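Visitor: can you look at this prediction? I've put the sequence above it.
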Amino acid sequence: CAQIDIALHNRVTEEKDRLEMTTSQYITQLLMEYYEMKENGGKSTMANNGSRTMAFQIPEELFQRIKTHLVRETARTGVKLTQRDFVLGLIEQALAEAEASLAPQEA
């Protein structure tokens, strides 16, 4: 527990919400990355096991449709569907379909 400037608090809150993490998860991640960076002479490493970040903007209407879908699917399945899981699932599905269509040509 620590007192921090309101602007920093707002920044932390926005980022943890964007990543769909709890405050505990987010602060733990920040601290682990910080100490890892210190151990590596100030150089940041891929503390997230070789993961890469993709970021892009989408129209507000599409964003709201996605949010509605996530709420609907969470209610239907009883399991929280996150933006991350939803998008990764779509990417995996599209790649699997594309790779499957190439398989007969490569044989």
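Guide: Happy to help now that I have it. Numbering: from 1, shown residues only.

Visitor: only C-alpha atoms from now on, for both contacts and neighbour counts.
Guide: Noted.

Visitor: run a quick neighbour tally on residue 26.
Guide: 18 (other CA atoms under 10 Å).

Visitor: and the lengthiest helix in the chain, average pLDDT?
Guide: If you go by DSSP state H, the chain has its longest helix at helix 83-106. Per-region confidence: helix 83-106 scores 90 on mean pLDDT.

Visitor: what's that helix packed up against?
Guide: The contact analysis (3 or more CA pairs under 8 Å, 6 or more residues apart in numbering; DSSP states H and E) places helix 83-106 against helix 60-77.

Visitor: quick one: the helix it packs on to chain centroid distance?
Guide: The gap between the average C-alpha position of helix 60-77 and the chain average comes to 16 Å, counting by CA atoms, centre = their mean, to the nearest Å.

Visitor: now swap in stretch 77-96 and tell me
Guide: Relative to the centre of its chain, stretch 77-96 is centred 11 Å away, using CA atoms, centre = their mean.

Visitor: also stretch 86-99?
Guide: If you compare the mean C-alpha spot of stretch 86-99 with that of the full chain, they lie 16 Å apart, counting by CA atoms, centre = their mean.

Visitor: stretch 55-75 too?
Guide: With CA atoms, centre = their mean as the basis, the mean position of stretch 55-75 lies at 14 Å from the chain mean.

Visitor: next one: stretch 27-45
Guide: With CA atoms, centre = their mean as the basis, stretch 27-45 stands 19 Å off its chain's centre.

Visitor: residues of it that come out buried?
Guide: Buried positions in stretch 27-45, judged by neighbour count with 16 or more other CA atoms under 10 Å: 33, 36, 37.

Visitor: do stretch 74-87 as well
Guide: Residues of stretch 74-87 classed as buried: 81, 82, 83 (neighbour count, 16+ other CA under 10 Å).

Visitor: now for the closest residue to residue 66 other than its chain neighbours: which residues touch it?
Guide: The spatially closest residue to residue 66, leaving aside those adjacent along the chain, is residue 83, at 7.9 Å (CA to CA, 6 or more residues apart in numbering). Contacts of residue 83 were listed using CA atoms under 8 Å, 6 or more residues apart in numbering, and they are 66, 67, 70.
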